[in-house]
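> got a predicted structure here, sequence first:
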Amino acid sequence: MRSDRMKIVQGDITAEHVDAIVNAANRTLLGGGGVDGAIHRAAGPDLLAECRKIGGCETGEAVITEGYRIPAKWVIHTVGPVWRGGAHGEAELLASCYRNALRLASEHGVRTVAFPSISTGAYRYPVDEASQLAVCVVGEFLSADDTIAEVRFVCFDERTHNAYSKALREHVDAPSQSGVVPRNRDAG
Ligand code: APR
């Protein structure tokens, strides 16, 4: 699975010079704390106005808006699962966040896209499991899609950066294991 097009960086996603950044939003799309709050603060009030018009987003789904005052042209908002112990479809939903965000990016001609560590903050998804899943799902997507040149995982703190760096190293070393990540039940 492709790993040469995945990069792990530490920093503030709102400052990334990429075509699209992904927001770890909530279902209302009306902003919040964490990376959601940072993106809305940096993008300005027009972002909230556009989000209001969209009206909401289900967990695992993704929507796209303009980036307004941030360097990225687009913001892709996705809603990650709240961690409830791991037996409530959390992995399938988190995988859907990455797949749906990348599908939207590809449909909009995005070449470079930055993800935060979806669900591992307020939604308490364990970062080791989340990072392994994220790297695997993105790697699978990139194996089948040549339109996206680079996916950056932008980690806000050292612990998250270490987890994603470890996940990518293991991904590179592991033989390709299709099916490691739960497929969408309704996926073809
Ligand atoms: N750049 C990159 N990553 C960031 C930034 C930033 N500026 N700010 C926070 N993060 C990181 C957090 O440290 C964490 O690793 O984003 C990751 C995701 O954490 P949250 O933002 O709390 O997102 P999540 O766990 O998905 O919870 C979403 O929190 O902010 C609310 O409205 C949001 O209700 C939703 C919930």
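Looks like it came in fine.

> ok, Pro126 to Trp83 distance?
For Pro126, the distance to Trp83 equals 7 Å [Cβ to Cβ, to the nearest Å]. Where C-beta positions appear, they are placed from N, C-alpha and C, glycine not excepted.

> what about stretch 151-165, how long is it end to end?
This stretch, stretch 151-165, spans 14 Å end to end (Cα to Cα, to the nearest Å).

> need the contact partners of that stretch.
5-13, 16, 18, 21, 35, 102, 112-117, 120, 127-128, 130-131, 134-135, 138, 142, 168 (Cβ atoms under 8 Å, 6 or more residues apart in numbering).

> quick one on the thing from earlier: out of Pro126 and Trp83, which sits in the busier spot?
Per other Cβ atoms under 10 Å, whichever of Pro126 and Trp83 has more neighbours is Trp83, with 17 against 14.

> quick check: pLDDT value at the spatially most central residue of the chain.
Centroid check for the chain by Cα atoms, centre = their mean gives Phe115 as the closest residue, at 4.1 Å. Phe115 is assigned a predicted lDDT (pLDDT) of 99.

> who's in contact with it?
Contact partners of Phe115, counting by Cβ under 8 Å, 6+ apart, are 13, 21-22, 98, 101, 134, 138, 151-154.

> and which of these is nearest to the ligand?
Nearest to the ligand, judged by Cβ to the nearest ligand atom, of these is Ile13 at 3.7 Å.
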